[in-house]
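Asks: mind folding the following:
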Amino acid sequence: MEDANIPPTQPFGALVPPTKVPGTAVATATPPPPPNHPASRTLRQTSLFRRLLGRTLDVVDEFADSVAAGLGLRQL
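Replies: Next up is the predicted model:
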């Protein structure tokens, strides 16, 4: 070995490797579940769609009845 690669010894140095400090554990809380607002919104939209569809079909049915009565296709 070459003497140039060896560091000089120090009188206060320890002959054991330095101790390893354990890592710090970080605890976090579980996030709360998402709110249920989208489900109720979807339910409202479905209800609105059903009412709109029902009214549309009622109007179309009344129109078809009046056309059929006007043409004499049905006995009222």
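
Asks: which residue is nearest the centroid of this protein?
Replies: Within the chain, one residue has its C-alpha closest to the average C-alpha position: by Cα atoms, centre = their mean, that is residue 34, at 7.4 Å.

Asks: got the contact list for residue 60?
Replies: For residue 60, no contacting residues are found, by Cβ atoms under 8 Å, 6 or more residues apart in numbering. (Each C-beta comes from the backbone N, C-alpha and C, glycine too.)

Asks: let me see the mean pLDDT of the one helix or strand it maps to.
Replies: Assigned by DSSP states H and E, residue 60 falls within helix 37-71. The pLDDT scores in helix 37-71 average 86.

Asks: do stretch 8-15 as well
Replies: Per-residue pLDDT values over stretch 8-15 give a mean of 72.

Asks: now do the SS call for residue 22.
Replies: The three-state label for residue 22, taken from DSSP: H, G, I helix; E, B strand; the rest coil, comes out as coil.

Asks: for residue 68, which non-adjacent residue is spatially closest?
Replies: Nearest residue to residue 68 in three dimensions, chain neighbours excluded: residue 74, at 4.6 Å (Cβ to Cβ, 6 or more residues apart in numbering).

Asks: burial measure for residue 21, as a count.
Replies: Residue 21 has 6 neighbours, counted by other Cβ atoms under 10 Å.

Asks: looking at it now. What's its pLDDT?
Replies: The predicted local distance difference test score for residue 21 is 82.

Asks: what's near enough to touch it?
Replies: Residues in contact with residue 21, defined by Cβ under 8 Å, 6+ apart, are absent; none qualify.

Asks: got the phi/psi numbers for it?
Replies: The phi/psi pair for residue 21 (degrees, to the nearest 10) reads phi -80, psi 130.

Asks: measure it to residue 54 for me?
Replies: Taking Cβ to Cβ, to the nearest Å as the measure, residue 21 and residue 54 are separated by 71 Å.

Asks: likewise for residue 34?
Replies: Per Cβ to Cβ, residue 34 is found 32 Å from residue 54.

Asks: mind checking the SS state of residue 10?
Replies: Under three-state DSSP, residue 10 falls in the coil class.

Asks: no further queries at this time; thank you.
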